[in-house]
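**Q** Just the structure for this:
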Amino acid sequence: MRALSSPATSTAMLLAAFFLAGIADASFYEPHLPAASPWFEGWYTRVSETTSGHSIGFILGHYPDQNLVNRTYVALIVDDGKAEPLVVEARPPSFKVSKNGAPIRGDPDQDSQPDFEVLGDGFAMTQRGDQQRVTLDFPNGVHFEANLSGRVPWGPRGESPEGWAGHLPIPLHWFVYSLASRATFRLAMPGLNISGQGKGHQEKNWGQSFPSTWIWAEGLQGENKIAVAGGSVPLGPVTVPNAYLIGLWTKKLTWTFHPQDPSVFWASVDACKGLVVLTARSANRKLRITLEAPPIGSGMFPVGGPTRTGFQIDSVENYRGKITVEAYSGLLHDRLEERLEIANAAIEFGGDARCKQTKEATEVPVVQAEATLAAAGPADTAIPEKRIRRELRALSEEERERVFAAMNVMKQTSSLKGQKMFGPQFISYDDLVAQHLKAAATKGCDEAHLGQAFATYHRAFVLRFEESLLAVDPKILALPYWDYNIEARRKDPRDSEIWRWFGSSEGDPSEGHAVKDGRFAHWRVRADAHEVANLSNPFNLLRSPWNVNPSPHITRSRYSCGSQTQFDARLWDLCLRAASFDEWYACIDPTIHTWAHSFLGGVWHTERNVSRVECFLTNAIGIPSAYSKGCLRCSSNCTDPAQAQKSCSCERSRELRCLADSFLARQAPTYGDFADAWTSPNDPIFFFHHANVDRHLMMWQQQHREKAPHYSFPSLSIPCQGHGLHDVVGASAPFSGSLLGLASNYTLTNADLIAIDGSRGPYTYDSLSRTLLRVQRPSALDWPSLRALLLGGVCFGTCILVFGFHVFHPLKVRRAPLALPSS
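**A** Okay, here's the model as predicted:
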């Protein structure tokens, strides 16, 4: 793309150059002759006022440069105005773009009708005159087609929104082909079919990249139409803070504004509130425009756009916006010509215009079909018959990105919608959290903790998560694990590349310990928790009912009751020496498992600072137990975060039956998400940590093959039903036999799950062979050494009462486990 060759020669042209160098997007609808990289071209259409009640958008864009990784982009957005929008994205290998059936040989001829095609692996857009045909075939059975005709141009001669500046050799252009074409469409996917008619807004963009900051909006309602694009535009050391292109069409008015008119603009932008107030003024006209978009979680979705490294997520958009316009005329701009409101408008916050607190939420797609995910290898990469789980750092960047992107699909997509797209193995991330909560909160018995089924429950739980990941993206080879021993051996475990991916290991205390960086900074704890679970915290967030944590963010603290948790890598090998499953469980739960939860989660707002042991006894055991017994009275329907632990709190009942352990704590503290035992999967690192705990179990099983298939798993249901060998795992929300290739109506038992040992079952770990080399034959577990490590301050707290007499009474090591750790 050519840069400007000389300075503008007038104030008007200088303003135009300032503006157009960074925000105007396209010149003419036909394909352009490709220029030097970076150079892109893309088409955007939104169909609104549909007979079906949906707003539907689609995007096709590409960079001709063969060397860019993300050089193509296809997106389909479907919003019914109620549920979260469906956004399906794909990145086909390339597009073939032709004009009149031949390769592009020059820039568009302004006097000719469009005649071109854009084709690529199931995606096609054909333009013949003002007749457009679009067909989008995504993986997993998502099919969309549309026909548009009857162009309504920006100007009577088909002018660009840029006016004469559209002919300048500038880095970026915006061209609106039609404001309201006639449109028919059909969407088909497993279990869902939509068809209807509507009106289509059609645009084209071409150039080098979008600017660093911009606002865009369009809306139509009857005969009223409006389109807006602009923002802060840099030119060398100078930044034009407000430069916009605006068009308004009503029965009465046809007004356009350009920087070169000259026109002047004032804008107030608050993306966190979804609000823009824009004033445009020329000699005898003034527009006051208010753009109102619901926030993220209310129809807001991220959208990909062109950058200098290919197509990346660079903006958030909403199809449920409202545009209010007041048009004034006269030299004093005091005569109100018209006031109107347009509902269901499209409003976009791009680049640095996005909300600072939620900008990371726009760094990833909402929903991605298989083709969306950046290639981690050739398309025909063989998938091993038995999946091999590897450590996170052993994956390539592309492989990790596949996993993280698929997690975002699960986080942003309901189970119902996801199963229609990806098949029956899909489950939404929040539904998984709700399943864990239901098992832990089962009346009279924690089905997932406090007994030997901890290992088998979480083995099934992690497997269900893995199967859902693979349903979203079959090219994911297996779920990776996080080996925190790598961090444990470092001088500072909090100085690790892991925290670049999962966010800082401790949140900001000044903002409720919220984690606002990393790959999952955009994640929010599920609000309106009762839509997916029977329990919620006092702020109706998907947390334990006794966790008075008001933050919508994932939260972490390094302190639990004022104390810190440290890792000790020696326990990894020490626990492998356990002679029985009971001993193994007694060893790992207060150490290998629980350390990470307290290291990352944290507990604050405690009545006093105490040791880790007392903190655990009081808050990880005592508080949940008190709630389960009806001895903890919690506020409900809290809305003001400032009232957390004040008027909104959880306090112990003064009933006689509830006084036995009230000396430990009269009021529940605030828990970081990974320390909240019942809903700890809210923290995205959960499954990678629990895969590592499962890896340790499989390493132990490899040393005791003579005990297969049940590996001395206790037959008795201790401490309660659900923890015996032949009990159903998590009976309140059981796991389908389909996870292990069995009948889908069969429910898995502890016997089924403990039999998975690397030889049997759908997966294994990359470290198993190394385990056998390092430990040739298990020797007796050195309980005195273990006790010394635990009492030496390494243990978070389960060491005091964990598993009855296992740790502190080695003569009774055969006794079944009696108590617990956190999640």
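**Q** Not counting sequence-adjacent ones, nearest residue to the residue lying farthest from the centre of the chain?
**A** Most distant from the centre of the chain: Leu331, at 50.5 Å, with distances by Cα atoms, centre = their mean. Ranked by Cβ to Cβ, 6 or more residues apart in numbering and with sequence neighbours excluded, the top spatial neighbour of Leu331 is Asn284, at 5.9 Å. (C-beta placed from N, C-alpha, C; glycine too.)
**Q** What is the strand or helix carrying Phe58 packed up against?
**A** Per DSSP states H and E: Phe58 is located in strand 55-62. Using 3 or more Cβ pairs under 8 Å, 6 or more residues apart in numbering; DSSP states H and E, the elements in contact with strand 55-62 are strand 40-48, strand 72-79, strand 115-120, strand 142-149, strand 300-307, strand 310-329, strand 335-351.
**Q** that older thread, tell me the secondary structure for the residue farthest from the centre of the chain?
**A** What DSSP: H, G, I helix; E, B strand; the rest coil gives for Leu331 is coil.
**Q** Equivalent analysis for Ala124, please.
**A** Under three-state DSSP, the three-state class of Ala124 is strand.
**Q** what's it in contact with, if anything?
**A** Counting by Cβ atoms under 8 Å, 6 or more residues apart in numbering, Ala124 makes contact with Glu117, Val118, Arg133, Val134, Thr135.
**Q** now do 7 Å
**A** Val118, Thr135 (Cβ atoms under 7 Å, 6 or more residues apart in numbering).
**Q** Now do it, the pLDDT please.
**A** Looking at Ala124, its pLDDT reads 94.
**Q** mind checking how far it is from Asp508?
**A** 48 Å (Cβ to Cβ, to the nearest Å).
**Q** Would you mind stating the distance between the spatially closest residue to Ile56 that is not a sequence neighbour and Lys322?
**A** Using Cβ to Cβ, 6+ apart and skipping the chain neighbours, the partner closest in space to Ile56 is Val47 (4.7 Å). Val47 is 19 Å from Lys322, where distance means Cβ to Cβ.
**Q** Pick out whichever of the two has more residues nearby.
**A** Val47 (25 against 17; other Cβ atoms under 10 Å).
**Q** bridging residues for the more buried one?
**A** Counting by DSSP bridges, Val47 forms beta bridges with Ile56, Gly200.
**Q** which residues touch it?
**A** Ile56, Ala146, Ala183, Phe185, Gly198, Lys199, Gly200.
**Q** Show the model's pLDDT score for the third one.
**A** According to the per-residue confidence, Ala183 scores 97 in pLDDT.
**Q** Nearest residue to it in space, ignoring adjacent ones along the chain?
**A** Spatial nearest neighbour of Ala183, excluding adjacent residues (Cβ to Cβ, 6+ apart): Gly200 at 4.1 Å.
**Q** Can you name the residues that contact that neighbour?
**A** Contacts of Gly200 (Cβ under 7 Å, 6+ apart): Thr45, Arg46, Val47, Leu148, Ser178, Ser181, Ala183.
**Q** so which of those is the most crowded?
**A** Neighbour count (other Cβ under 10 Å) singles out Ala183 as the most crowded of the contacts of Gly200, with 27 neighbours.
**Q** a markdown table for the contacts of Val47, including distance to Ile246?
**A** Shown next, in a markdown table, are these (distance: Cβ to Cβ, whole Å):
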| residue | distance to Ile246 |
| --- | --- |
| Ile56 | 25 |
| Ala146 | 27 |
| Ala183 | 24 |
| Phe185 | 28 |
| Gly198 | 24 |
| Lys199 | 20 |
| Gly200 | 20 |
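**Q** any idea which of those is closest to Gln701?
**A** Ile56 (51.4 Å; Cβ to Cβ).
**Q** Am I right that the closest one is in contact with Val78?
**A** Yes - contact status for Ile56 versus Val78: in contact at 5.4 Å, counting by Cβ atoms under 7 Å.
**Q** Which secondary structure element is home to Gln127?
**A** According to DSSP H and E, Gln127 maps onto strand 123-128.
**Q** now the strands: where do they sit in the stretch 401-550 of the chain?
**A** Shown for the stretch 401-550 of the chain, no strands are assigned by DSSP state E, counting those that start in this stretch.
**Q** quick one: low-confidence ranges for it?
**A** For the stretch 401-550 of the chain, applying pLDDT under 70 flags no range at all.
**Q** got the residue ranges for the helices in it?
**A** For the stretch 401-550 of the chain, the helices defined by DSSP state H, counting those that start in this stretch cover 415-422, 429-440, 453-472, 485-488, 498-502.
**Q** now the stretch 601-750 of the chain
**A** Under the criterion DSSP H, counting those that start in this stretch, the stretch 601-750 of the chain contains helices at 612-615, 623-628, 686-702, 750-754.
**Q** got the ones you listed as TSV, with distance to Gly231, mean pLDDT and mean neighbour count columns?
**A** TSV is the format used below for the helices of the stretch 601-750 of the chain (distance: least, Cβ to Cβ, whole Å; pLDDT from 0 to 100; neighbours: other Cβ atoms under 10 Å):
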stretch	distance to Gly231	mean pLDDT	mean neighbour count
helix 612-615	49	70	22
helix 623-628	49	84	22
helix 686-702	39	96	23
helix 750-754	55	95	23
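**Q** So which of those is nearest His458?
**A** Of all the helices of the stretch 601-750 of the chain, helix 686-702 sits nearest to His458, with 5.0 Å by Cβ to Cβ.
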